[in-house]
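Trainee: no letters, just coordinates:
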């Protein structure tokens, strides 16, 4: 009888977790939807701001009848995700909160604003520094043969993916802290991999950066390595990994 009750408790617990996960996902989706709707009102200004690094002096080109609308929607969704990031992070925190110890809870609450600052800082770093250099290289390459007349959907897709991707890359310190804190990876092991990490960030820089020149690759790779070191510093002061009880 007790075994049957135990199995039932496990099923109820699993169902409760799945129900809570569903509710958190619904709240997150609702937050992104509202932020996207707000962003749609300002989509024109946002598109003009995204066009600015290209210095085209003329509007982007539309090829298909629906391209203007889909481009507006893509920009609105991209901006909506960025604006809803506080809601997304809070819902993730609220879902894992019951499994946290008081010390871990306080630390995560303290870390929260820095997570947002890293994300915003990464997007700003890309927009003001990486993007102009990348666009300039790509549009001037072969300029004696080609004339730059970028298609709206392709240009906006490239720019938004690039900016959002760099914003997420700037979360590296938080990821390093998390994997060392839960014991998935030992900090001492990571510390021994520095030479490989240094090589890897330059490989990732070559993948993330849409230009083959080493200057732009270094603009991505060097901050990534510095973020790795910040993550190592956080993991040192974050306490020992949790042990299963």
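Mentor: Noted; the coordinates are in hand. All figures in this text were calculated on a predicted structure; none of them were measured in a lab. Numbering: from 1, shown residues only.
Trainee: from here on, just use CA atoms for contacts and neighbour counts.
Mentor: OK.
Trainee: residue 43 touches residue 78, doesn't it?
Mentor: No. At 10.3 Å, residue 43 does not count as touching residue 78 under the criterion of C-alpha atoms under 8 Å.
Trainee: show me what contacts the residue most central in space within the chain?
Mentor: Most central residue of the chain, judged by C-alpha distance to the mean C-alpha position with C-alpha atoms, centre = their mean, is residue 168 at 2.2 Å. Shown in contact with residue 168 (C-alpha atoms under 8 Å, 6 or more residues apart in numbering): 119, 122.
Trainee: got a pLDDT number for it?
Mentor: Looking at residue 168, its pLDDT reads 83.
Trainee: cool, and residue 4?
Mentor: pLDDT recorded at residue 4 is 46.
Trainee: buried sites along stretch 169-189?
Mentor: Across stretch 169-189, burial judged by 16 or more other C-alpha atoms under 10 Å covers 169-174, 176-178, 180-181, 187.
Trainee: sorry, that was for stretch 74-89
Mentor: Buried residues in stretch 74-89, counted by 16+ other C-alpha under 10 Å: 74-88.
Trainee: now, among those residues, which is nearest to residue 109?
Mentor: The closest of the buried residues of stretch 74-89 to residue 109 turns out to be residue 86 (C-alpha to C-alpha; 12.2 Å).
Trainee: helix/strand/coil for residue 148?
Mentor: coil (DSSP: H, G, I helix; E, B strand; the rest coil).
Trainee: check contacts around it.
Mentor: 56, 139.
Trainee: got phi/psi on it?
Mentor: phi -70, psi 120 (degrees, to the nearest 10).
Trainee: pLDDT score for it?
Mentor: So, for residue 148, pLDDT stands at 75.
Trainee: go on, residue 115?
Mentor: 82.
Trainee: which residue comes closest to it once chain neighbours are left out?
Mentor: In this structure, residue 115 finds its nearest non-sequential neighbour in residue 171, 6.7 Å apart by C-alpha to C-alpha, 6 or more residues apart in numbering.
Trainee: can you tell me how far the one you found sits from residue 47?
Mentor: Applying C-alpha to C-alpha, to the nearest Å, the value for residue 171 to residue 47 is 26 Å.
Trainee: repeat for residue 214
Mentor: Taking C-alpha to C-alpha, one finds residue 214 at 29 Å from residue 47.
Trainee: one more: residue 194?
Mentor: Residue 194 is 40 Å from residue 47, where distance means C-alpha to C-alpha.
Trainee: what packs against the longest helix anywhere in the chain?
Mentor: Selection of the longest helix in the chain by residue count, based on DSSP state H, yields helix 2-41. Secondary-structure packing of helix 2-41 (3 or more C-alpha pairs under 8 Å, 6 or more residues apart in numbering; DSSP states H and E): helix 67-83, helix 85-96.
Trainee: report the angle between that helix and helix 67-83.
Mentor: 120 degrees (axes from the mean of the first three to the mean of the last three C-alpha atoms, to 10 degrees).
Trainee: how distant is the following helix or strand past helix 2-41 from the center of its chain?
Mentor: Sequence-wise, the next helix or strand downstream of helix 2-41 (DSSP states H and E) is helix 43-51. In terms of C-alpha atoms, centre = their mean, to the nearest Å, the centre of helix 43-51 is set 21 Å apart from its chain centre.
Trainee: what angle do helix 43-51 and helix 2-41 make?
Mentor: If you take the same axes, to 10 degrees, helix 43-51 sits at 90 degrees to helix 2-41.
Trainee: thinking again about what came up before, which one of the helices and strands packed on helix 2-41 has the lowest average pLDDT?
Mentor: The weakest mean pLDDT among those belongs to helix 85-96, with a mean of 85.
Trainee: right, I'll call it a day here.
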